[in-house]
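Visitor: Quick one: sequence and predicted model below, then my questions.
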Amino acid sequence: MDRARPLNKNRVLILLPEIFAKYFPRRPAILAGFIPLTFLVLFYFYPLTGIFIRSFFDQGNFSATTLLKILNSSRMAGIFWFTLWQATISTILTLVIALPCAWVTGNFDFKGRKAVMAISTLPFVLPTIVVAAAFQALMGSKGVLGFFHMDGSLGMILLAHMFFNFSVVLRITSGFWSSMGRTLPMAASMLGANPLKIFIKVTLPMLAPAVFASSILVFIFCFASFGVIMVLGGPSFTTLEVEIYRQAAHLFNLPVASALSLFQILFTFFMMWIYTSLQKKNTTFSPESEKFSLKKPESTFEKCSVFCVVLFVIFFFMIPIMALLIKSIWYKGSISFLYYSELFLNTSGSIFYISPLNAIVNSLLFACSALVMAIIIGVCAVYTIRTSGEKIANILDPLFMLPLSTSAVTLGFGIIITLDKPPLNFRTSPMLIPIIHTLVAFPFVVRSLLPVLRSIPASIKESAALLGASPLSVWMHIELPVIARALSVGAVFAFTVSLGEFGATIFAARPEYTTIPVTIYKFLGHPGSLNQGQAMAASSLLMLVTAAGFIFIERFRDTVGHEGF
Amino acid sequence: MKKIIITILFFFVAATFIQPVCCYAAADMTGRDEQDIKEVIESANDAPLSSAEYLVVNIEEKNIAKSEGIAESPIEEVTLMTHDSFSVSEEVVKDFEVQNNAKIRFLKAGDAGEALNKAILSKNNPLADIFYGVDNTFLSRSLKEEIFISYESPMLKYVDDKLKLDPEYRLLPVDFGDVCLNYDKRWFANHNIQPPLMLEDLVKPEYKGLLVIQNPATSSPGLAFLLTTISRFGEREAFNFWKKLKVNDILVANGWKDAYWGKFSAASDGDRPIVVSYASSPAAEVHFAEKNLEEAPTDVVTSHGSAFRQIEFAGILKGTKHHNLAKKLMDFLLSRRFQEDIPLQMFVFPANNSAILPDVFKKHAHITKEPALLPYDEISEKREMWIEKWTELVL
């Protein structure tokens, strides 16, 4: 009798999961999914629905006339067509330049590897207007590269998209590549396959999920491109996003703006749905640690490739960045920190003055809370997609990507009319800023995590469980070390998106919570060379803070990631 | 074990970062004074123990101190909603706050168009008591939406009648700026070309490829410049003029910033020596120079109706709960104290006649004698049509 009791208890414990599984199929998925879904519903779908209803139901009746008008308008068709093809070409071009670089950074260990990654990610935080000034200095008719005649042309838009999005492809693909290890290609080589054949038959199929994941991010980013088109493309180019802004903020034509936003959202959903449906097949392999998969470049060809990549990054990314840095410390023919010291003075006595230190603290505060929220929500979203059935996952996955391509103006107007009463009185709450940042940042976490998580073969986890590991320790010792690398990629982007974001601070309309990008814009609001110098100085500070953040995130990942291998 | 410690550490770091944000949020929800909360956070940062308890205790202490203060004389809060370009000196705000035992809260809700739209969208549950920054191109839209209440401020007697566009005094003029051509003096001296004197000059062959303007569909100085040409030449002739301008190779940027900081030869590496900007821009060039400049590097063209007057208005929002204080703030906005602060904060001209201009404005900014003006209802009626016509013609 004494022996029976513990046995009974054990039996209940063993049965418990089965009982759960019987009554609540895929319960962990539901629990995990609760967090991202609530977040999206509250801060995304509810405001958008509000503004759509307000726009379409004119005096209580549904007015389909605007919708029909837009569908029949040839101008809108032209805008949509331009938006689509410029995004496609930008994505392809970004892949063309980023994949060779990802091959080098994902396979070889060389000095300056981390610097290459960091430098190429820095443009992500820079305000478009500042990059435009740097491009102008280099490629305007007076610049060093003026002979290209890129000014205000389509070439400039494509180049800027490549400049901004390069790191998305580089980081996601290279992280994945380094985890693939060299066992399979080596085996193929032993069996007599030539390098080209190995690449096409072995490496490419394994790599495909990461390449697709990063290119869909780039595509959506370019599809919803706003700043680049407005500032660098000039008025002869209009994307859907620009047209929505124009209709909403300047013509106050809300029905048209809403209809276009809705169309943009539906189109993104459709694209994502096709993408997820194509992504069912995912090669699984035993992931390897970076330590073993990275090797020193040996042959002349490999050394040359590494050299070319470093040269390319210096040429393409360092030169515009250096142009900014030099402008910020160059004063009357000599080096001076006048612009930096001037940042700390409130010469006009304005009530809206904020010292650069405060701006940095604000920016970091928002970036860190956005990072934490994005990771929590992103990880929950990924596990929901992983564990829920195929049909649900096919809907959830596109759903989580929608915030990336939603017009900021429309969402801002939606928040004004919906989140206006307690307990959801968020209209002027500073919490709104990290929330909006999270909305844009967590899709990055999802996209960089999902392919990696899917690549882990179930057999490894099962054997660990068979050997007596608890679910927690399976996660800690098998999944976490593998996804840590992808998680840090997601974290880097969440951090960068938040640091460079400019629009969300407008949402909350609170001048006290000025961030660095807002300061930069403020300086560029009035003429005067001191203003320009200070804007450049603030931009340099922003890059410095971002670079410091990267180092911190990588360090943190190193302490968590490499153990267990 | 190591990993558990790291995880705990991570959450600790995360928590310390989130906490201040939550504090801000708490301040927001309960309407507490942010300054207090900030102070607490700052002192918490200084203190050796920056734990959560410390924060909570300190906030409570502050609150008690504050509630005692409230018992003597309640501080009333008034909210002013405006656009990004708004600015004011801290001292000026303090003056009002001390005089009226009040606190002004500022909300900046995007550019001029976006901010006004947000005010209109929130009319059933207003975000603020006063809105500052409706210009004459948006005037009739905001009046049609009926979001302002009428208030005939006694201070209006100091304001030029030409600026008072709303006869019912729902929107009161607070400042104005003249949009006009600015040119790079050095460029014209170096190239031995006479700078333009009026709009008509721009179509001459010697000015080919020299002008950069802004898209009227996305920029308010751009729209003002289009309106200048319509006011100067009449509707039909204006668009003929634009045809000729297009032949003369003008460059169109989407906003003022891209045009001035990206293309204008006096302020960037661009190669266009003429730009559409404000009549006060040369004064800003002098004011924001590293060293005292004797002379502005740029000059303006304002004669022969080639400058468009943008008048900015402020009004009390319908649904305000602080009627008297809002009226007092409205008077204050029109008073010399505030009006004399306007030029160096926002680089526009004060509406109050008695306000004395700062020296840099007297020397380097130009007040246009005969500005171009269009009736505001005509602007609102035809602006979309004009912009569309312009887009087809020029882009």
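Guide: Received the coordinates, thanks. All figures in this text were calculated on a predicted structure; none of them were measured in a lab.

Visitor: Pass me the low-pLDDT residue ranges in the chain, would you?
Guide: Reading this off chain A. A:1-29, A:58-64, A:66, A:136-137, A:140-152, A:280-284, A:286-292, A:558-565 (pLDDT under 70).

Visitor: try chain B instead
Guide: Counting by pLDDT under 70, the low-confidence segments of chain B come to B:1-73.

Visitor: Centre-most residue in the chain?
Guide: As the question left the chain open, I've gone with chain A. By C-alpha atoms, centre = their mean, the mean C-alpha position of chain A lies nearest to residue A:444, the distance being 4.3 Å.

Visitor: Actually, chain B is the one I wanted.
Guide: residue B:85 (3.1 Å).

Visitor: wait, what's in contact with that one?
Guide: With contact set as C-beta atoms under 8 Å, 6 or more residues apart in numbering or on different chains, residue B:85 has these partners: A:525, B:111, B:112, B:133, B:346. Bear in mind the C-beta positions are built from the backbone N, C-alpha and C, glycine included.

Visitor: Once you drop chain neighbours, what's closest to the last one?
Guide: What that stands for is residue B:346. residue B:87 (5.6 Å; C-beta to C-beta, 6 or more residues apart in numbering or on different chains).

Visitor: which parts of the stretch 251-395 of chain B sit against chain A?
Guide: B:251-255, B:257-258, B:260-263, B:267-271, B:277, B:281-282, B:284-290, B:298, B:344-345, B:347, B:384, B:387, B:395 (C-beta under 8 Å from any C-beta of the partner chain).

Visitor: Narrow the residues you listed to those in strands?
Guide: Residues from these lying in strands, with DSSP state E as the criterion: B:251, B:252, B:253, B:277, B:298.

Visitor: Which two among those are spaced furthest apart?
Guide: Pairwise distances across those (C-beta to C-beta) peak at 20.2 Å, for the pair B:252 and B:298.

Visitor: Am I right that residue B:312 falls within a helix?
Guide: No - assigned with DSSP: H, G, I helix; E, B strand; the rest coil, residue B:312 falls outside any helix and is strand.

Visitor: Hmm, residue B:299 is touching residue B:182, no?
Guide: Yes - applying C-beta atoms under 8 Å, one finds residue B:299 in contact with residue B:182, separated by 7.2 Å.

Visitor: Does residue A:450 touch residue A:213 like I think?
Guide: Yes - between residue A:450 and residue A:213 there is a contact under C-beta under 8 Å: 6.7 Å.

Visitor: returning to what we had before: out of the residues of the stretch 251-395 of chain B next to chain A, which are inside helices?
Guide: Using DSSP state H, B:257, B:258, B:281, B:282, B:284, B:285, B:286, B:287, B:344, B:345, B:384, B:387 are the members of these that sit in helices.

Visitor: May I have the phi/psi pair for the residue in chain A that chain B sits nearest to?
Guide: Chain A approaches chain B most closely through residue A:528 (2.3 Å), counting by C-beta to the nearest C-beta. In terms of degrees, to the nearest 10, the main-chain angles of residue A:528 are phi 120, psi 130.

Visitor: measure it to residue A:285 for me?
Guide: Taking C-beta to C-beta, to the nearest Å as the criterion, residue A:528 is separated from residue A:285 by 58 Å.

Visitor: who's more crowded, the two?
Guide: In this comparison of residue A:528 against residue A:285, neighbours counted by other C-beta atoms under 10 Å in any protein chain shown, the higher total goes to residue A:528 at 22 against 14.

Visitor: picking that back up, which among the residues of the stretch 251-395 of chain B next to chain A end up buried?
Guide: Of the members of those, the ones counted as buried by neighbours, 16 or more other C-beta atoms under 10 Å in any protein chain shown, are B:251-255, B:257-258, B:260-263, B:267-271, B:277, B:281-282, B:284-289, B:298, B:344-345, B:347, B:387.

Visitor: now the helices for the stretch 251-400 of chain A?
Guide: Counting by DSSP state H, counting those that start in this stretch, the stretch 251-400 of chain A forms helices over residues A:254-278, A:290-293, A:300-313, A:319-329, A:338-343, A:356-387, A:390-401, given from the N-terminal end onward.

Visitor: Pick the most deeply packed of those.
Guide: Here the criterion is mean neighbour count by mean count of other C-beta atoms under 10 Å in any protein chain shown, and of the helices of the stretch 251-400 of chain A the winner is helix A:356-387, at a mean of 23.

Visitor: Is chain B within reach of that helix?
Guide: Yes - Helix A:356-387 lies in contact with chain B when judged by C-beta under 8 Å from any C-beta; the contacting residues are A:364, A:365, A:366, A:368, A:369, A:372.

Visitor: I'd like to know which residues of the stretch 51-200 of chain B are adjacent to chain A.
Guide: B:81, B:84-85, B:87-91, B:93, B:106-111, B:113-114, B:117-118, B:120-122, B:125, B:127, B:141.

Visitor: Out of those, list just those in helices.
Guide: Judged by DSSP H, the subset of these located in helices is B:90, B:91, B:93, B:113, B:114, B:117, B:118, B:120, B:121, B:141.

Visitor: quick one on the thing from earlier: neighbours around the residue nearest to residue B:346, how many?
Guide: Counted with other C-beta under 10 Å, residues neighbouring residue B:87 total 24.

Visitor: Please consider this matter closed, and thank you.
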